[in-house]
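Undergrad: I would like the atomic coordinates for the input below:
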Amino acid sequence: MPTLDSHVAGFAMAYCLRTLSNKGLPERDAQVLREQGERWNQVVVEQSRGDITLFFAMMPVIDAAIAATPMAQVKDEANAGSLPAPVFYCAEILRHPAVSQTMADARTSLAAAYAGDQR
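TA: Residues are numbered from 1 along each chain as shown. Below is the predicted model:
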């Protein structure tokens, strides 16, 4: 995966993980996801090229997709209930049409800054 794609997807995933507190997760789980999202985000920001605000432009679109999409659940056979699947959920959020489009827009806008990078 080229670095540009990795950075755009990584920023979006990290942001999603950081913003799941209002999705009914246990606070301990939400805290771990928030911390991991913050660390992932920091790596992307430190390694990014070009105008960092182009990454930030994805945030309101991701917020809207999160607000409109229920948390993914998996069956909890042991307790005859369900459990949240937040990492899967965020992966699904990145495939939401509006989020996919804003990610594509960010890649297009940042392409020149990442030109020649084939990592």
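Undergrad: tell me the contacts of the residue nearest the centre of the chain?
TA: Central residue of the chain (Cα atoms, centre = their mean): Met13, 1.7 Å from the mean position. Met13 makes contacts with 37, 40, 90-91, 94, as judged by Cβ atoms under 8 Å, 6 or more residues apart in numbering. Yep, even glycine has a C-beta here, placed from its N, CA and C like the rest.
Undergrad: What's the first helix or strand after the helix or strand containing it?
TA: Per DSSP states H and E: Met13 is located in helix 3-18. The helix or strand immediately downstream of helix 3-18 is helix 27-47, counting by DSSP H and E.
Undergrad: Tell me the helices and strands packed up against the helix or strand just after that next one.
TA: Using DSSP H and E, the helix or strand that follows helix 27-47 towards the C-terminus is helix 53-56. Counting contacts by 3 or more Cβ pairs under 8 Å, 6 or more residues apart in numbering; DSSP states H and E, helix 53-56 packs against helix 3-18, helix 97-110.
Undergrad: So which of those is the most surrounded?
TA: Highest mean neighbour count of the helices and strands packed on helix 53-56: helix 3-18, a mean of 21 (counted as mean count of other Cβ atoms under 10 Å).
Undergrad: which residue sits closest to Phe88, ignoring its sequence neighbours?
TA: Ala72 (5.0 Å; Cβ to Cβ, 6 or more residues apart in numbering).
Undergrad: Looking at the helices and strands packed on helix 53-56, spot the one closest to Gly116.
TA: Closest to Gly116 of those, according to Cβ to Cβ: helix 3-18, at 10.4 Å.
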